[in-house]
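Asker: need a 3D model of the sequence below.
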Amino acid sequence: MSMDSYNNIYGRVIHPIKEDREVGGTSSGEAPLILTKCSVLGLTSEIVGSSRYPSLSCGVVSFTPSQLRGTNKGVHVFLSNKDYFDNMHLGIKFSPIARRVDDVVPLLRSI
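Answerer: This next block holds a predicted model:
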């Protein structure tokens with residue numbers, strides 16, 4: 001797994017403020033949208049940092065709940081190597097992204 005933010009159609013996801021940097025991660029679309037105030041709150045999928053890394057890069061908040069705290073209900077996996085992740089017991093979780101911690105809390109309570 002890579003922390004690259006490359007898309008075959010659109011190319012690399014460039015940081016919206018610091019154009020010499022990439023956003024990184026597979027959830028690299030939502031974090032820049034929140035940083036630029038195009039989105040208030042995002043709900044991404046998380047495996048091993050795929051939403052936390054872009055959030056860190058953009059200076060926004062991402063929180064990945066533990067398996068006991070969150071739910072995977074409704075998550076559909078489109079990975080060619082899904083068995084690899086299942087065997088590692090990593091699990092795919094919902095991960096909210098927002099500008100502030102106070103914005104993430106209500107969503108976490110509702111999941």
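Asker: all contacts plus neighbour counts: C-alpha atoms, from now on.
Answerer: Noted.
Asker: residue 45 and residue 65 touch, don't they?
Answerer: No - the criterion here is Cα atoms under 8 Å, and residue 45 misses it with residue 65 at 11.1 Å.
Asker: more neighbours: these two, which one.
Answerer: It is residue 45, of residue 45 and residue 65, that has more neighbours when counted by other Cα atoms under 10 Å, with 20 against 16.
Asker: what bridges to that one?
Answerer: With DSSP bridges as the criterion, residue 45 is bridged to residue 94.
Asker: what do residue 45 and residue 65 both touch?
Answerer: Applying Cα atoms under 8 Å, 6 or more residues apart in numbering, one finds that residue 45 and residue 65 are jointly contacted by 93-95.
Asker: return the item of the residues you listed having minimum pLDDT.
Answerer: pLDDT across those is lowest for residue 93, at 74.
Asker: and the residue nearest the centre of this protein?
Answerer: The residue lying closest to the centre of the chain (Cα atoms, centre = their mean) is residue 51, at 2.2 Å.
Asker: who's in contact with it?
Answerer: 25-28, 31, 44-45, 62, 95, 97.
Asker: from residue 14, how far off is it?
Answerer: Residue 51 is 16 Å from residue 14, where distance means Cα to Cα, to the nearest Å.
Asker: just to revisit the earlier point, let's see if you can find the most crowded of the contacts of residue 51.
Answerer: When neighbours are taken as other Cα under 10 Å, the top entry among the contacts of residue 51 is residue 31 (35 neighbours).
Asker: wait, it touches residue 53, no?
Answerer: No - applying Cα under 8 Å as the test, residue 31 and residue 53 come out as separate, 9.3 Å apart.
Asker: what's the overlap in contacts for the two?
Answerer: By Cα under 8 Å, 6+ apart, no residue touches both residue 31 and residue 53.
Asker: and of the shared contacts of residue 45 and residue 65, the nearest to residue 10?
Answerer: Nearest to residue 10 among the shared contacts of residue 45 and residue 65 is residue 95, at 23.9 Å by Cα to Cα.
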